[in-house]
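Novice: no sequence for this one, just the structure:
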């Protein structure tokens, strides 16, 4: 079966489509003998039951077919057919079947006013039939309960179906939210890995070169000492991150015992200033640092964001700054914001600055971190001085 045919059948037989097409089939089967009589004997030779049965069956089929597009119109036309044509006792089989079909159809309508109007008009028809039908009124004993049963049973099924559809939609929304959360977490993990590995490997590479070309043995040993300590910190950071990713959290970290400096996972902003200032000094930069004790009042998550920005900015200074030049690292409060400002000199020989960061993943990650907390991030270059500025507001920050 082709997908197009499957789609068509699903659309036709979904929801009230089952009632419509099953109802039409039942009415056609009921009226088939009357149609055959008309074809064989003609209108003049056929009985009144055959003529009216065939015409009523045809009208009910057409009326029910309209429900595929206009349910309210179909219900209204059925009531009209009932009042004008379904008053004879010998048509009571058509009456019972049609009332059950259209009562079930009405039960699928969402508008309460349409359902109420149909039930009211149907009840009024039954009352007037009871007064006019004399002895045939006894047939209401079957009509009323069967019509009520068709309506309430279908209504119950339809309500259950709607609830199931709502549950399915909620599940789909939950799956989408889960997928989005996973994507955000993957992005955060990738960003943290970039900050940790890119920073530490950059410094290791710089110190390795310094050790290789150092003419002084003590300078080479100092560089190797920095490499050893930084390698331990990097291993410690990666172990902690992997431990977070493990569901049982059982990954041990024996390397952490020998670390004597705050690692990148120690997310205190003021300690970060001290740590990264020292790393810049180890990379042969002259550093002027300024801190403000009020920064320690920031939530841990906000300090983490600032710490990571400092980490990436330090990497950029080491990669793109002029060796031996002066750089500043300032983390202060202006009353409403925690402001981080880092400056360093860059090589501006020629028209374009050499080695200038231009919106790579590092800058994008720093900007994302600040926006998460409603903060700001900007960079600028003027007369050989590269300036990075990031800020986070003190108010309305999550306290975790």
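Specialist: That came through, no problem. Model, not experiment: these values are computed from the prediction. Residues are numbered from 1 along each chain as shown.
Novice: apart from its neighbours in sequence, what residue is nearest residue 285?
Specialist: residue 327 (5.3 Å; CB to CB, 6 or more residues apart in numbering). C-beta coordinates here come from the backbone N, C-alpha and C atoms, glycine included.
Novice: the one you found touches residue 286, doesn't it?
Specialist: Yes. Contact between residue 327 and residue 286 holds when scored by CB atoms under 8 Å: they sit 7.2 Å apart.
Novice: who has more neighbours, the two?
Specialist: residue 327 (25 against 11; other CB atoms under 10 Å).
Novice: which residues are in contact with the more buried one?
Specialist: Residue 327 is in contact with 280, 285, 286, 287, 288, 317, 321, 342, 343, 344, 345, counting by CB atoms under 8 Å, 6 or more residues apart in numbering.
Novice: just the ones of those in strands?
Specialist: 286, 287, 288, 342, 343, 344, 345 (DSSP state E).
Novice: turn the buried ones among these into a named PyMOL selection, would you?
Specialist: The PyMOL selection below is limited to those of the ones in strands among the contacts of residue 327 classed as buried (16 or more other CB atoms under 10 Å):
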select buried, resi 287+342+343+344+345
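Novice: can you pick out the most distant pair from the ones in strands among the contacts of residue 327?
Specialist: Greatest spacing in the ones in strands among the contacts of residue 327, by CB to CB: 286 and 342 (13.8 Å).
Novice: quick revisit: give me the element the residue nearest to residue 285 is part of.
Specialist: In the assignment (DSSP states H and E), residue 327 maps to strand 326-333.
Novice: so what strands line up beside that strand?
Specialist: strand 286-291 (parallel), strand 337-345 (antiparallel) (DSSP bridges).
Novice: switch the ones you listed over to a markdown table; also include distance to residue 33 and mean pLDDT.
Specialist: Output for the strands paired with strand 326-333, formatted as a markdown table (distance: least, CB to CB, whole Å; pLDDT from 0 to 100):
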| stretch | distance to residue 33 | mean pLDDT |
| --- | --- | --- |
| strand 286-291 | 98 | 92 |
| strand 337-345 | 87 | 92 |
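Novice: can you redo the ones you listed as CSV with distance to residue 393?
Specialist: As requested, the strands paired with strand 326-333 are arranged in CSV below (distance: least, CB to CB, whole Å):
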stretch, distance to residue 393
strand 286-291, 19
strand 337-345, 5
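Novice: nearest to residue 92, of the ones you listed?
Specialist: strand 337-345 (82.9 Å).
Novice: and the gap between residue 168 and residue 17?
Specialist: From residue 168 across to residue 17, the span is 19 Å (CB to CB, to the nearest Å).
Novice: who has more neighbours out of those two?
Specialist: residue 17 (16 against 10).
Novice: for that one, give me phi and psi.
Specialist: phi -60, psi -30 (degrees, to the nearest 10).
Novice: buried residues, stretch 125-139. List them.
Specialist: 125, 126, 129, 130, 133, 139.
Novice: ends of that stretch, how far apart?
Specialist: Start and end residues of stretch 125-139 are separated by 13 Å (CA to CA, to the nearest Å).
Novice: and of the strands paired with strand 326-333, who's closest to residue 81?
Specialist: Of all the strands paired with strand 326-333, strand 337-345 comes closest under CB to CB, at 74.9 Å.
Novice: what are the ranges of the helices in this protein?
Specialist: Along the chain, counting by DSSP state H, helices occupy 3-13, 16-45, 48-66, 71-85, 92-107, 112-132, 140-193, 199-213, 217-245, 269-282, 300-320, 361-372.
Novice: among these, which comes closest to residue 383?
Specialist: Short answer: helix 300-320, nearest of these by CB to CB, at 15.7 Å.
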